[in-house]
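Trainee: Pasted the sequence and its predicted model underneath.
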Amino acid sequence: MALILTEEQTMVRDSARAFLADKAPVAHLRKLRDSRDRVGFSRELWKAFAAMGFCGILVPEALGGSGLGHVEAGIIMAEIGRNLTPSPFLSTALVGATALLRDGNAARNRELLPKLAAGDLILTLAVDERAKHAPAATALTAERSGNGFKLTGDKCFVVDGHVADLFIVAARSAGAPGEREGVTLFLVDARAQGVAVERTVMVDAHNAARVRFDGVTVDADAVLGEIDRGWPLLEAALDVGRAALAAELAGLGEEAFGRTLSYLKARKQFGRPIGSFQALQHRAARVFVELEITQAAVLKALQTLDADFERAAAFVAVAKARAGTSATLAVQEAVQLHGGIGMTDEFDIGLFMKRARVAQELFGDDGFHADRLARLQNY
Amino acid sequence: MALILTEEQTMVRDSARAFLADKAPVAHLRKLRDSRDRVGFSRELWKAFAAMGFCGILVPEALGGSGLGHVEAGIIMAEIGRNLTPSPFLSTALVGATALLRDGNAARNRELLPKLAAGDLILTLAVDERAKHAPAATALTAERSGNGFKLTGDKCFVVDGHVADLFIVAARSAGAPGEREGVTLFLVDARAQGVAVERTVMVDAHNAARVRFDGVTVDADAVLGEIDRGWPLLEAALDVGRAALAAELAGLGEEAFGRTLSYLKARKQFGRPIGSFQALQHRAARVFVELEITQAAVLKALQTLDADFERAAAFVAVAKARAGTSATLAVQEAVQLHGGIGMTDEFDIGLFMKRARVAQELFGDDGFHADRLARLQNY
Amino acid sequence: MSDLERFRRETRAWLEANCPPDMRQPVVADEDRCWGGRRPTFKSEGQRLWLERMVARGWTVPEWPQQYGGGGLSREEGRILRAEMRRLGCRSPLDSFGIWMLAPVLFKYGNEEQRREHLPPIARGEIRWCQGYSEPNSGSDLASLATRAADNGDHFLVNGQKIWTSYADKADWIFCLVRTDEAAPKHLGISFILFDMTTPGVSTKPILLISGKSPFCETFFDNVRVPKRNLVGDINKGWEIAKYLLAHERETVSSVGLPAGRPLGQIAAETLGSQDGVLADACLRADIARFEIDAIAFQLALERSGDLLKAGQASPAVSSMVKFYSAELNQRRHELLMVAGGSAALEWEGERSRSGERARNWLRSKGNSIEGGTNEVQLNVIAKRILDLPGA
Amino acid sequence: MSDLERFRRETRAWLEANCPPDMRQPVVADEDRCWGGRRPTFKSEGQRLWLERMVARGWTVPEWPQQYGGGGLSREEGRILRAEMRRLGCRSPLDSFGIWMLAPVLFKYGNEEQRREHLPPIARGEIRWCQGYSEPNSGSDLASLATRAADNGDHFLVNGQKIWTSYADKADWIFCLVRTDEAAPKHLGISFILFDMTTPGVSTKPILLISGKSPFCETFFDNVRVPKRNLVGDINKGWEIAKYLLAHERETVSSVGLPAGRPLGQIAAETLGSQDGVLADACLRADIARFEIDAIAFQLALERSGDLLKAGQASPAVSSMVKFYSAELNQRRHELLMVAGGSAALEWEGERSRSGERARNWLRSKGNSIEGGTNEVQLNVIAKRILDLPGA
C-alpha cells in the first residue's frame, strides 16, 4: 500500500479540515476554558461531529456508523490537533468503540453503537492507576461476587471520565500487578452504586477524571473480551488510541511549526526578518525534517491498523514515540522563536505546548514506547 | 578551596605545556604510528618525563618523586591531551603508583617507587575482562595455592600492557562476579610463568594489550590491599585514572576546539570566513560553553582527590562523564566544521577524534558514570 | 581576636536575636519575597519586622556608604554578614530592582543629587522600582526602541509603550530608556531617565502568561512630563548605560543558579517507585543522571567563575555563558520533572497539585531563555566577544 | 496471463539460471562491488560472469534504449526485474558513476553523438568514470571553482586541481566542471566537459582518510588538451548541469538508506549481554531504542517520498532532507555501535576485529554529513527552497 492518502482519504481530510477550522478553531477551546465550562467541550459540536459521521467513524454502516478505517480516524485527529479541539472523539469514537467492536458482542453492540454513532453515548477507557501509563500494573480488583464481580480501586487520568456514561474498566481478576495475565475488562455504568468521579482540570484545558470504584458490583455479562485474558483487547483499544494521539500530535506539531514559520517571516529585528538569520533557519529546517518523517510513521501505523491489525504494535509504538518527540520539539522551538509574545496567555502558541505535553503523556510517552519497541525487537 | 590553579600549579602547567609542545607534539604520535613502532611510545621521552619529575609526580620526595598532587597530575594530563602524547604516564605514574601508595607496603614501595619515579618501571592495572568497563564483574580466579594464590583468567584493554614490567591484577578470590566483596589485587611480574601478553593495536595508536593468566602462581605478599577486600583500593586507583582521563579529555577537547576556531576564521567560502555564518557561530559557542563547564568539573574532581579523597567519587564520576561528552562534542564538531580536510589522515583533527573515543571508553564511559552518580545519589 | 572575628561574633549574635523565626525558612513561593514600596505587602509580622530591623542597621545594602542608607561595611565584613545569614538560613530582607539594577547605574553614571534623592529610599525599601527597556517592536534589537522623550523646555514629554516591565503595576518609580534624538543612528539617540509611576499619563496593564501568572506588564506613556533633572548621565548617551545594565542583569538573573534541594532522581522516585534502590524507569533514570551531571558541573562552573573574578582572571562575557546555560538546564530540569510526574504533573487546579504548581513552574521556565536577552542573543555575544568570530 | 506476468516468470527463471551463487550473497565489503573499467578487477569468476551475462541482455541499465546498450524495458518491466533481483538476493552486476551520474546528464544535456560515444561503454562496464567537481578552495561554495579551461582553437587547455574525486586513480574518464569565462560572475563562467584520464597532463593522488581507506583522490591537470566536442551542453552554462547533478547525487547518496539487518539492540547484546531478554545496559538500551524509532520512521519516510513522487506530489528539495537525515542517523548508528562495542570496537588491526572494521566504519560515517554537500548546505537548501525563508 502506498504511504500516501487515497483520493477518498484526501476528501475526508479536506472536509474535516474545513469543518474543524470553521466550527472549532483554537478560539473554541479558549472560550470553553475561559468560561470555566464544566463539561470542557461543546455538546453541540459533538452532535455536529455525529452529523459529519465522525462519532461512528469506525462503526459499521449497518449500526449507524461511517464504516471507515483508522487512516480516516487519524485524519480527523490531525485536524483536531491543528485546532486543539476538545471532544470525546478519542475516548469514545476510537478507544471505546474499538473495545466494543473487537469484543464483538452483537446484542450489546446493536444497543450501544448506534447511540455512540449518534453522539448520544460517551464511553471511555479507565486504565491507569498511577501517574505514569502502565497497563500491566493494573491493580483495581475484580472479585467474584454472586453471578458477577465486585470492583474496587482507583483510576486516574481517565479521559472524559467526568462526563462518561460508561466506563471500560481494566481490572485485576487474577495474577499480580505487572502481569498481563489476569486482567479483565468490564463495562461499568457511570451511575452505578459505588462509582465516584472527580474531574481533574488539566493544563491543556482538556478533560479527565479520577474515578473511584468502591465495591461496584457488575454482572458477568459486563465483561468485555475474555475473563483473565482481557490483555489483547485492552492493548487493541490502547493501540488505536495511541495511533490516534500520534496523528493528533503530528497535526498539532505541523500547525505550531506553520505558525512559527509565518512569524519568522513577519517579525523584524535589526532591520530584517528574523527568519533570515541562519541559526534560526537551520533550527527551523531541523524541525521541518523531524515533522516530515513523523508524518510517514503515523500514516504507516494507521494503515497497518487497517490492513493487518495484529502486526501494528511496533508501528504504533514508533508513531507515538516519534510524534511525541517531534511535536515537543516543534512547540518548544515555537515558544522560543516567538520570544516574549510566545509566553503570553493571550497568544495561542502556548496552548499548543500544553496540549502536546498531555498528548505525549497519554497512553505512554516516548520512553514507554521506546521500551516497548525494544521488547518487540527482543533486546 | 578556590576552583582555580594556584600560582605554583600555574607554573607546573606552563612548564608542562612548553615541554610537551616541544618534545611530544601531535607529530610525535604520528611518527610512532606511521613507523609502526612496537612500543608505541618513546622510551627516551619517558626518561625525559622522569627528569621533569612527571613519572614520580605522586611519589613522595623521600622515595625519589615530586610529591605533588592530583591537580598537578591533571595539569600534565591536560597537556598530554592537547598533544595526544602517548606515554605510560596514566598507567604507571597515576594508576599504578596510586595502588602502591595507598597499599602502603613500606618495604615494597622503597623498592619499587624510586624505580618508577626514575622511569625504569612500567606498571599497569589489569582490570577489565570484557569490552565494557565493569570492575565488579571481575571473574579471573585467584585460588589459594600453597603459601599463595594461583591466578587464572583473561584481561583485556590493559593500558600499556604490552610493555608493562608489573601488572596489578584484579582477581576474584571469593564471592561471585558482580559483587564487590571477594575482589583481591595482586602484583604480578610480567615475566612470570603463565603470563601471555598480546598487544592490541588501537584506533588511537595508543597502546593496550590482552593478557592471559594461565595458572600463574604468586606469593601471599603479592597481595595489594586486603584479601577479598581489594575493592576500595581498586576503586581508588581507578578514580585517580578516571579523573586523569577527564583532564586529558578536557585538554584534548580544548585543543580540538581551538583548532576549529582558527579554521572558522581562516577558511573562506562564498567570499567570507565560514566563521561569520551565524549557524556555525552558535554551534561554536555551544561547544565553548560545554568545554568551559567541564573545566570546572575536572578541577573539582582533582582538588577533591587531593583534599578529601574518600569523598571524591561523585565528583570524579561527574568529571569523567562530562569530559567524555564535551570532548566528543568538540571533536565531532571539529571534523564536521573542517569539512573534507577533517576527514583526511594527513590532517591532525581526526587523531583527536580517535583518542577522544578511546579515553571516553577507558575506565567507564559517560553512561557508566551516570549510572554511578545515580547510585551515589540513591536513585 | 581580630576585628573581623569580633564582627563575625557580634553579627551572629545579632542575627540570632533579631531574625524572626519565619524569616529563617527557605523562600518557596514568589509571595514569600518582600519587595517594599509605598504600599508594601507583608506576608507576616516577621517579614515586616525583619525589614525594619535590617533597614535600621543599613543591612539591606550592607556595603553602601552610610550617607545613602547603607551599612558602610567593608567588603570582608559584607562577606561575613552574608555567610552568617546563610548559616542561619536568613531570607533576604528586601528584594529590589532598585538595589540590583538602578543603584549600580546611579553610583556609576548618576550625579550626587540623584544619589541623595533616590538611594536612601531604595535602601529603606520605601520606593519600589521597575525597568522600562523592551518595547513591542524592540526585543532582541533593543536599540531600535521608539518611546520618545521630546525636549519641552524644563521637562521631557514622554510618549510610547514599554513591555515586559516586571511588576510595573506594583512599582512606584521607573528607570526608562527613551529616544531623545530621532535623527541620530539608533544607538546614539537614546537617554536614560527616571520618573514617578504616579505621574499623569502613565498606565500599566498586567500580561497574563502561559503559566497563569502575571509578573510582567505593558506600560503606556501618554504625554508624561519628566523633569530634566531626572536624566541620568548625558543626553543621548543612554545606550552605554543600557549595555552596562544588561550585562549586570545577565549576572543577576544567572547568579540565581539552580534550585538547591534533593537530586531529581529522588523526586522522580516518588511517582515512579524504585526497585532495589534504583529508579524503576531506566530510561528516565539515565536522562536524569545525565542532567544531574551537567547541573553539578554547572554549579562548579559558577563557583569557578566567581573565583576567577576574585583572582582577576574572569573571562569576558562570562555572564552570557552563565545565563545561556542556566536557562537550558532549568528547562531540562522542568521537562524531566514533567516526565517524572506523569499525569499528576498535568493538573492545573486543586489542592492535590498545589494549584498545578509543577505544570506552572514548567511553563514559567520556558521564559528563562527569552527574558533578559534571549539565548540566541547570548550565543551571539559568546561568538563575537569571547570567540572573536567575525561579523557577517 | 498478462505480458507482465509472463515477463516476471521468464525473468525469474533466467535469474535463477544465470545469477551465480556467490552473486546472491549480500555485499559486505567495498571489494565485493564490481566497478568495471578498462582494467576491471573481479573478485570471483562469478562476478565476471554475472556482469557479462547482464551486459548481454542490456540489464546493467534495463530501462535504457537498446541502441545505447540498455535493455529497452518499460518502467513496469524494470520494476519487475528489480523486484525479482531483490527476491533472489542478486547483487548489482555493475556499480558505476557513469550510470548513476553522467548518463542522466547526457540524456538531458548531451548531443546524440556524445550519447552514442559514451553510453554504450558505460552500459557494458567498459569505461569507468569519475567526477571532477570539488576543489581545495571550493567546497560548499562549489561555484567558486578555479580550474581553468582556456579556449585554444579546436580544444580547451585545462589547468587546475580537483579534490575528493572518487576513485580517480581507477577511473578511465572524468566529467568535470571547469571555468571557461573568468570575467563573468562566478556561476556564469562554468562549463561541463569530459576527458580521458590517460590524456597527458592528468595525474592523481589518493587521499588517505581517517578510516585508513582511500576512496578519494586529488586530481591534477597540467595543460590537459580536451577536444571541444567533449563540451556537454552550452559553453558557460555548466552550472545548470552541475545543479541538476548535485540534486541527483543527493538522491543517489541518500537512496542507499540505512543498512538493513538486525536491530542494533541485538548487536549490542553480543557484547553487553542480556538479563531476562532485556539488554543489560539500561542507559544504552534506551538510546538504541530511540535510535531505532527514528530509523524505522526514516525508512518509512523514504518509502513515502517515493510514493509521493509516483503520485506527482513530491515536495521540492526532498533530496536535501533525505540526505541530511540519513547522514545524521548513520552517524548516530555508528556512535551507538562504538558505545556498544566498547574496547573491542576500538581495535584497529588483527583478525579478531576484522582489521578494525567497526572503528573504520564509524570513522567513515563522519564523511556522510560532508560529502555530496554538507549537512549545513542541506539545511540551507531546506530553509530557502522548502520553507521559503528569506535571505540574509
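Mentor: Cool, got the structure.
Trainee: which SS class is residue C:390?
Mentor: Assigned state for residue C:390: coil (three-state reduction, DSSP: H, G, I helix; E, B strand; the rest coil).
Trainee: For chain A, give me the ranges with low pLDDT.
Mentor: Applying pLDDT under 70 to chain A flags no residue at all.
Trainee: Spell out which parts of it neighbour chain B.
Mentor: Proximity of chain A to chain B, by C-beta under 8 Å from any C-beta of the partner chain, involves residues A:277-279, A:281-282. Any C-beta I mention is one placed from the backbone N, CA and C, and that applies to glycine too.
Trainee: Inside helices: which ones of the residues you listed?
Mentor: Using DSSP state H, A:278-279, A:281-282 are the members of the residues of chain A next to chain B that sit in helices.
Trainee: And the residues of chain A next to chain B, which is closest to chain D?
Mentor: When these are compared for distance to chain D, the smallest value, 3.6 Å, is given by residue A:281; criterion: C-beta to the nearest C-beta.
Trainee: What is the burial count for residue C:203?
Mentor: The local packing count at residue C:203 equals 15, with neighbours defined by other C-beta atoms under 10 Å in any protein chain shown.
Trainee: if I pick residue A:360, what's in contact with it?
Mentor: Contacts were defined as C-beta atoms under 8 Å, 6 or more residues apart in numbering or on different chains; by that measure residue A:360 touches A:249, A:324, A:327-328, A:366.
Trainee: For the residues you listed, please prepare CSV with the additional fields secondary structure.
Mentor: CSV is the format used below for the contacts of residue A:360 (three-state DSSP):
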residue, secondary structure
A:249, helix
A:324, helix
A:327, helix
A:328, helix
A:366, helix
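Trainee: in the stretch 201-350 of chain A, which spans are helices?
Mentor: Assigned by DSSP state H, counting those that start in this stretch, the stretch 201-350 of chain A shows helices spanning A:231-266, A:278-307, A:313-338, A:349-361.
Trainee: so which of those is the most packed in?
Mentor: Among the helices of the stretch 201-350 of chain A, helix A:313-338 has the highest mean neighbour count (mean count of other C-beta atoms under 10 Å in any protein chain shown), at a mean of 27.
Trainee: Point me to the residue sitting farthest from the middle of the chain.
Mentor: All of this is about chain A. In chain A, the residue that sits farthest from the middle, by C-alpha atoms, centre = their mean, is residue A:271; the gap is 43.6 Å.
Trainee: Wait, chain C was what I had in mind.
Mentor: Residue farthest from the centre of chain C, counting by C-alpha atoms, centre = their mean, is residue C:276 at 42.5 Å.
Trainee: And it, how close does it get to residue D:107?
Mentor: Distance of residue C:276 to residue D:107, given as C-beta to C-beta, to the nearest Å: 66 Å.
Trainee: Whichever residue of the stretch 51-200 of chain A sits closest to chain B: how many residues sit nearby?
Mentor: Closest approach of the stretch 51-200 of chain A to chain B (C-beta to the nearest C-beta) occurs at residue A:132, with a separation of 15.4 Å. By the measure other C-beta under 10 Å, the count of residues near residue A:132 is 25.
Trainee: now residue C:41
Mentor: Residues contacting residue C:41 under the criterion other C-beta under 10 Å number 12.
Trainee: you'd agree it is in a strand?
Mentor: No - under the criterion used here (three-state DSSP), residue C:41 is coil, not part of a strand.
Trainee: Roughly how far does it sit from residue C:50?
Mentor: Distance, residue C:41 to residue C:50, using C-beta to C-beta: 14 Å.
Trainee: can you check residue A:23 too?
Mentor: 57 Å.
Trainee: more neighbours, those two?
Mentor: Neighbours were tallied for residue A:23 and for residue C:50 using other C-beta under 10 Å; the higher tally belongs to residue C:50 (24 against 16).
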